[in-house]
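> Please work out how this folds:
(one chain, ligands or ions: 1)
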Amino acid sequence: MQATIEVQELRKQFGQTVAVDGLSFTVRPGQVTGFVGPNGAGKSTTMRMLLGLDAPDSGQALIGGRRYATLRRPLTEVGALLDAAAVHPSRRGRDHLLWLAHSHGFPSARVDELLERVGLASAGRRRAGSYSLGMRQRLGIAAALLGDPPVLLLDEPVNGLDPEGIRWIRGFLRGLAREGRAVLVSSHLMSELEDSADHLVVVGRGRLIADTSVAELLASASGDRVALRTSARTEAMGLLAREGATVAADGPQSLTVSGLPTERIVALLTAGEVPFSEIGAHRATLEEAYMELTRDAAEFRTVEARTDTDRDTDTANETEEARS
Ligand SMILES: Nc1ncnc2c1ncn2[C@@H]1O[C@H](COP(=O)(O)OP(=O)(O)OP(=O)(O)O)[C@@H](O)[C@H]1O
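Numbering: from 1, shown residues only. Purely as a prediction, here's the structure:
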């Protein structure tokens with residue numbers, strides 16, 4: 001089987017809500033692909049359609065070129081973590097996996113091997129009800145890996161993890177991709193995918209906003225900007241702006257400058273006797289790149305995400321209308 005996930009012109013509506021709206025993308029083997037978008041963007045619905053749990057209104061959701069319902073041995077073809085809480089609390093972690101393993105003819109040794117691999121070897125005989133969210137995520141990942149599938153779908157696996165858990169899962173996901181698997185990981189926070197995703201599929205309101213490698217996204221967001229530190233921020237901003245640069249203050253002593261090369265900035269500040277240090281090419285963070293990417297996508301903004309400025313403007317407009 002090819003280790004791929006293909007979504008083609010996928011659409012799903014619940015009543016008046018269009019959850020997925022003509023979405024197309026491909027997840028390739030050997031990579032961690034981040035599936036990013038705010039709450040309600042349609043990520044879980046897309047994953048559910050890939051796993052045959054929701055039926056598309058139109059379009060296709062394929063694992064290794066086939067619909068889930070037609071897979072002969074699903075656990076050996078795709079592993080999924082949709083809801084880490086979906087484990088019976090009185091069942092021991094190891095028993096939960098044994099039940100799943102035996103129902104598919106996998107040996108008990110496979111369960112112990114996986115408990116070891118996800119760091120639950122010593123907790124396997126404890127009841128799942130006593131597990132932290134992080135431990136349940138690990139148990140869910142072990143369940144997804146039981147059949148050694150080439151394709152993995154993980155819905156918000158970082159959610160609720162502590163910093164140690166986040167570090168663990170990032171390394172673990174990279175390891176799964178290095179083994180040649182296609183790994184699709186959803187998150188509503190771009191920062192959660194920092195250091196683990198190679199590729200990103202960004203969605204908003206059920207539609208595709210970007211399908212890009214992380215490296216390309218960061219390079220385009222970093223642009224030709226230069227970052228520097230200065231104890232004379234106002235003077236530096238005025239001087240560089242007069243020379244045609246666009247200058248943004250990132251902090252009390254840090255500026256990001258675009259429109260002028262580093263050498264010219266150094267020459268101008270030196271000639272103007274404006275103190276500065278730590279000057280160099282600006283490297284955008286994934287979060288900055290994400291903000292830039294979604295800035296112009298008006299339909300991407302949710303009602304909750306509206307700023308106070310919007311509300312103030314609306315109120316001002318309403319007051320104006322009331323007056324006239
Ligand atoms: N079974 C359902 N019935 C009605 N509406 C639904 C159903 N499932 C999802 N929706 C709606 O579809 C939209 C997309 O939801 P979905 O859960 O796929 O988004 P998401 O990107 O996974 O968000 P989250 O991070 O909150 O899970 C939302 O408006 C949601 O309320």
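> Now do the strands in the stretch 151-300 of the chain.
151-155, 182-187, 199-204, 207-213, 226-229, 246-251, 254-258, 277-281 (DSSP state E, counting those that start in this stretch).
> what's the most buried one of these?
A comparison of the strands of the stretch 151-300 of the chain by mean neighbour count, using mean count of other CB atoms under 10 Å, puts strand 182-187 on top with a mean of 26. For glycine as for every other residue, the C-beta is placed from the backbone atoms N, C-alpha and C.
> picking up where we left off before, turn the strands of the stretch 151-300 of the chain into CSV, including mean pLDDT and distance to Arg73.
Converted to CSV, these look like this (pLDDT from 0 to 100; distance: least, CB to CB, whole Å):
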stretch, mean pLDDT, distance to Arg73
strand 151-155, 95, 13
strand 182-187, 95, 17
strand 199-204, 93, 27
strand 207-213, 93, 30
strand 226-229, 93, 52
strand 246-251, 89, 52
strand 254-258, 92, 53
strand 277-281, 89, 50
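> Turn those into a markdown table, including distance to Gly34.
Listed next are the strands of the stretch 151-300 of the chain as a markdown table, based on distance: least, CB to CB, whole Å:
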| stretch | distance to Gly34 |
| --- | --- |
| strand 151-155 | 11 |
| strand 182-187 | 6 |
| strand 199-204 | 5 |
| strand 207-213 | 10 |
| strand 226-229 | 25 |
| strand 246-251 | 25 |
| strand 254-258 | 25 |
| strand 277-281 | 24 |
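> residues touching the closest residue to the ligand within the stretch 101-250 of the chain, list them.
Nearest residue of the stretch 101-250 of the chain to the ligand: His188, at 4.7 Å (CB to the nearest ligand atom). Contacts for His188 (CB atoms under 8 Å, 6 or more residues apart in numbering) come out as Val36, Gly37, Pro38, Asn39, Ala41, Lys43, Glu156.
> just the residues you listed now: which is nearest Thr256?
Nearest to Thr256, judged by CB to CB, of these is Val36 at 23.7 Å.
> Does the closest one touch Met190 like I think?
Yes: with contact defined as CB atoms under 8 Å, Val36 reaches Met190; the gap is 5.7 Å.
> Could you tell me which residues touch both of these two?
In terms of CB under 8 Å, 6+ apart, Val36 and Met190 are both contacted by the residues Tyr290.
> Name the residue in those two with the higher neighbour count.
With neighbours defined as other CB atoms under 10 Å, Val36 and Met190 compare such that Val36 has more, 27 against 23.
> And the more buried one, what's its pLDDT?
On the pLDDT scale, Val36 is placed at 92.
> now it, which residues is it bridged with?
Ser187, Val202 (DSSP bridges).
> give the contact list for it.
So Val36 contacts Lys43, Ser186, Ser187, His188, Leu189, Met190, Leu193, Leu200, Val201, Val202, Val203, Tyr290 (CB under 8 Å, 6+ apart).
> Check Thr76 too.
Residues near Thr76 by CB under 8 Å, 6+ apart: His104, Gly147, Asp148, Pro149.
> Glu77 is in contact with Leu153, correct?
No: using CB under 8 Å, Leu153 is not in contact with Glu77, being 11.4 Å away.
> Stretch 203-222 and the ligand, are they touching?
No: Stretch 203-222 stays clear of the ligand (CB under 6 Å from any ligand atom), getting no nearer than 6.8 Å.
> okay, how far is it across that stretch, tip to tip?
For stretch 203-222, the first-to-last residue distance is 21 Å (CA to CA, to the nearest Å).
> what comes into contact with that stretch?
By CB under 8 Å, 6+ apart, stretch 203-222 touches 12, 18-25, 34-38, 40-43, 45-46, 193, 197-202, 281-284, 286, 288-289, 292-294, 297, 299-300.
> Also stretch 13-27?
4-12, 33, 42, 45-46, 49, 56-57, 59, 151, 182-184, 199, 201, 203, 205-208, 211.
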